[in-house]
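[1] Take this sequence and fold it.
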Amino acid sequence: MPENGKSGKVLYHLRTQGSGSEGIHVRGMVKAFRSLGYGVDFIWPLGEGDPTVRAGDNPYDRKRRKSAVELIIPFIPGLVFAFMEYCYNFWALRRFSAAIKNEKYDFIYERHFFFSWASGHVAKKYGIPLVVEVNEIAGFERVRGNHLSGLARRCEHSLFRNATVISVVSIFLKEKIVEQYPDIDGEKIHVIPNGVDEDFFTNPVDGARVREELGIEDKVVFGFIGFFLHVKTWHALEWFLPIFIEAAKGYDDVVLLLVGDGPGRENLEEIGRSMGFEDRMIFPGAVTNDKIGNYIDAMDVGVIPHTNEYRSPIKLFEYMAYGKPILAPSQEPVESVIGSIQDMYLFETKSAESLKNTVVAMITDRQNWPETGKRLKNLTISSFTYKKHGETILHLLKRKEI
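    Model (predicted):
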């Protein structure tokens with residue numbers, strides 16, 4: 001690691017489109033490393049440029065110009081695509097070799113993806129520290145489905161063996177890695193949840209203007225930001241909406257703001273119509289990432305309808321950064337972050353009765369929302385910015401050098 005103010009260099013490896021929430025995390029960590037004195041180069045299959053420029057972009061935007069690879073991918077059968085994911089490593093090996101030949105890197109940072117092993121091979125061969133950021137492991141639910149899972153696990157096992165630091169977003173993930181790969185040293189696995197960019201605390205926002213434009217100035221606004229998928233288990237909005245509507249119907253000033261777009265939107269609109277709640281469901285459509293803050297600022301409450309036991313929802317930290325109390329399931333990655341501040345606003349995962357009771361309890365407790373939001377914001381500032389996560393990664397690497 002560089003010392004005495006000298007600059008360093010990171011080789012960042014990802015095999016993602018760099019859009020949506022995953023792109024926001026990529027951008028956050030890249031900005032963190034840059035702010036800490038590191039230059040960042042990329043190995044990225046979609047281009048030679050900087051993938052962080054696509055952070056937060058709507059992957060369902062039909063107007064966005066797509067590469068040939070992006071256009072073809074949806075039509076590739078799952079089994080064939082899985083084999084292509086494995087073969088990608090050979091392309092990556094050539095790119096790694098070329099990069100390392102021309103530049104000295106202090107460490108490699110990889111956003112983990114299924115079938116990856118090339119970065120581990122390179123790290124071992126050239127003696128370069130490797131940090132692997134893990135958001136899921138082989139065998140977990142995928143939007144595309146699972147294929148060649150045995151091969152994926154063998155690749156993952158090799159990668160984790162060669163990693164210097166494994167950064168996971170939840171305790172559940174750490175436990176699963178230790179369980180699935182018992183020979184992996186648990187001491188090199190560290191829980192580092194998602195977070196927010198420090199810009200969240202300095203960029204001006206205008207939620208009042210959004211409320212005025214949407215005609216909800218005098219309403220109590222529960223808000224969700226995300227993509228509306230056909231995969232109903234992902235955000236579980238189809239499950240959440242009928243229960244929320246039933247709980248909120250008796251409170252005429254409560255509305256639901258659903259910010260985003262995607263192929264599942266029509267189903268959500270139909271639920272609102274069928275339950276006579278359509279006038280209290282507001283769909284402003286997809287919003288560019290630089291405007292998201294205005295819409296969160298317009299909310300009274302941030303909503304996370306569903307998350308699983310291993311993911312760390314980025315929207316959790318975005319809501320916190322703007323001082324919003326949060327209606328969310330009591331999964332470990334959520335409860336471990338905000339449970340001590342707002343336990344009564346968390347419901348049992350996929351429990352209709354618990355969700356309904358929590359919505360009612362939350363509405364009747366609205367006088368305490370400002371203080372709760374203030375505490376959540378302060379917690380985010382002190383513990384959950386990407387810069388702090390970057391500092392943690394550098395500290396862990398320096399410990400390995402000792």
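[2] quick one: the helices in the stretch 51-200 of the chain?
    Secondary structure of the stretch 51-200 of the chain, counting by DSSP state H, counting those that start in this stretch: helices at 68-72, 78-102, 118-126, 149-162, 171-180.
[3] For H112, which of those helices is the nearest?
    helix 149-162 (7.4 Å; CB to CB). Using the backbone N, CA and C atoms, a C-beta is placed for each residue, glycine as well.
[4] what pLDDT, on average, does that closest one get?
    Helix 149-162 comes out with an average pLDDT of 95.
[5] returning to what we had before: need the helices of the stretch 51-200 of the chain in a markdown table (columns: mean neighbour count).
    Shown next, in a markdown table, are those (neighbours: other CB atoms under 10 Å):
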| stretch | mean neighbour count |
| --- | --- |
| helix 68-72 | 10 |
| helix 78-102 | 15 |
| helix 118-126 | 20 |
| helix 149-162 | 18 |
| helix 171-180 | 17 |
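[6] I'd like these as a markdown table, with distance to F277 appended.
    Below are the helices of the stretch 51-200 of the chain laid out as a markdown table (distance: least, CB to CB, whole Å):
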| stretch | distance to F277 |
| --- | --- |
| helix 68-72 | 36 |
| helix 78-102 | 37 |
| helix 118-126 | 48 |
| helix 149-162 | 41 |
| helix 171-180 | 34 |
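[7] mean pLDDT for those helices: which is lowest?
    Mean pLDDT is lowest for helix 68-72 among these, at a mean of 66.
[8] residue ranges with poor pLDDT in the stretch 301-402 of the chain?
    The model of the stretch 301-402 of the chain has pLDDT under 70 over residues 402.
[9] S336 and K174 touch, don't they?
    No: assessed by CB atoms under 8 Å, S336 is found out of contact with K174, at 12.0 Å.
[10] Endpoints of stretch 280-297, how far apart?
    This stretch, stretch 280-297, spans 19 Å end to end (CA to CA, to the nearest Å).
[11] Pull the distance from that stretch to the chain's centre.
    Here the centre of stretch 280-297 is set off from its chain's centre by 17 Å, with CA atoms, centre = their mean, to the nearest Å.
[12] So what touches that stretch?
    Applying CB atoms under 8 Å, 6 or more residues apart in numbering, the contact partners of stretch 280-297 are 24, 55-58, 60-61, 200, 203, 205-207, 209-210, 214, 216, 223, 225, 248, 254-261, 265, 268-269, 272, 302, 318-319, 322, 324.
[13] per the record, what domains does this structure have?
    Listed by automatic domain parsing, the domain ranges of the chain are 8-195+385-401, 199-383.
[14] coming back round to it: kindly supply the ChimeraX command isolating those of the contacts of stretch 280-297 that are buried.
    Buried residues within those, by 16 or more other CB atoms under 10 Å, are selected in ChimeraX with:
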select :24,55,56,57,58,60,200,205,207,210,214,216,223,225,248,254,255,256,257,258,259,260,261,265,268,269,272,302,318,319,322,324
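[15] from the contacts of stretch 280-297, which ones fall inside strands?
    Among the contacts of stretch 280-297, the residues falling in strands (DSSP state E) are 223, 225, 254-259, 302.
[16] Lowest-confidence one in those?
    I225 (92).
[17] Check whether it really touches V259, as I assumed.
    Yes: I225 lies in contact with V259 (CB under 8 Å); the separation is 4.5 Å.
[18] Tally up the residues packed near V334, please.
    By other CB atoms under 10 Å, 23 other residues sit near V334.
[19] Kindly confirm my reading that it is in a strand.
    No: checked against DSSP: H, G, I helix; E, B strand; the rest coil, V334 lies outside a strand; its state is helix.
[20] what's the distance between the closest residue to it other than its chain neighbours and G150?
    Nearest in space to V334, with sequence neighbours left out and distances taken as CB to CB, 6 or more residues apart in numbering, is A328 at 5.0 Å. Distance check for A328 against G150: by CB to CB, to the nearest Å, it reads 35 Å.
[21] what's the answer for V178, then?
    Distance of V178 to G150, computed by CB to CB: 20 Å.
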